[in-house]
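[1] need the 3D shape of this:
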Amino acid sequence: AALLLEQGGVQAQPTPRRTVVFARTTVVNVDAVQDEVALAVEGDKIAAIGPTSSILEAYPNAEVYDGRGKALFPGLINCHAHLAATLARGFNEDFGFPNSARLAIQPTSLLEGRRPR
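    Next up, the predicted model:
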């Protein structure tokens with residue numbers, strides 16, 4: 001027996017691209033600091049940076065977030081880390097934070113093969 005399926009008029013519709021505007025904010029990049037500007041994002045891409053009034057006019061249907069008192073760093077990432085915290089992370093997962101804090105008082109407990117009290 002064969003099963004025939006007719007392709008009807010139902011088709012998946014593409015998801016509309018979400019547009020977001022961060023208005024009246026500070027934008028910091030490697031070249032300059034721009035105050036009181038807006039940054040528009042379409043989907044997952046930065047679409048425009050410019051005067052807030054111009055960006056709001058260009059993207060009238062965007063979700064708008066007030067960026068006053070905040071800064072955006074497009075294209076930059078926070079790669080700040082503390083080596084000790086990174087090393088302690090695995091230790092804390094194995095022994096628990098209260099125990100790792102106690103190691104400062106009783107450092108030989110690991111060498112003796114027991115958990116700190």
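[2] check which residues of the helix or strand encompassing Val20 are buried.
    Using DSSP states H and E, Val20 sits in strand 19-28. Neighbour counts over strand 19-28 (16 or more other Cβ atoms under 10 Å) mark 19, 21-27 as buried. Every C-beta, even on glycine, is put in place using the N, C-alpha and C of the backbone.
[3] can you pull out the helices in this structure?
    Secondary structure of the chain (DSSP state H): helices at 52-58, 83-95, 97-102.
[4] who does Gly38 bridge with?
    Wrong residue type there; residue 38 is Ala, not Gly. Gly50 (DSSP bridges).
[5] hang on, the earlier thing: looking at the buried residues of strand 19-28, which is nearest Ala58?
    Ala58 lies nearest to Val21 out of the buried residues of strand 19-28, by Cβ to Cβ, at 9.0 Å.
[6] is it true that the closest one touches Asn61?
    No - using Cβ atoms under 8 Å, Val21 is not in contact with Asn61, being 10.0 Å away.
[7] quick check, pLDDT for Arg17.
    Model confidence at Arg17, given as pLDDT, is 84.
[8] can I see the domain layout of the protein?
    19-72, 81-117 (automatic domain parsing).
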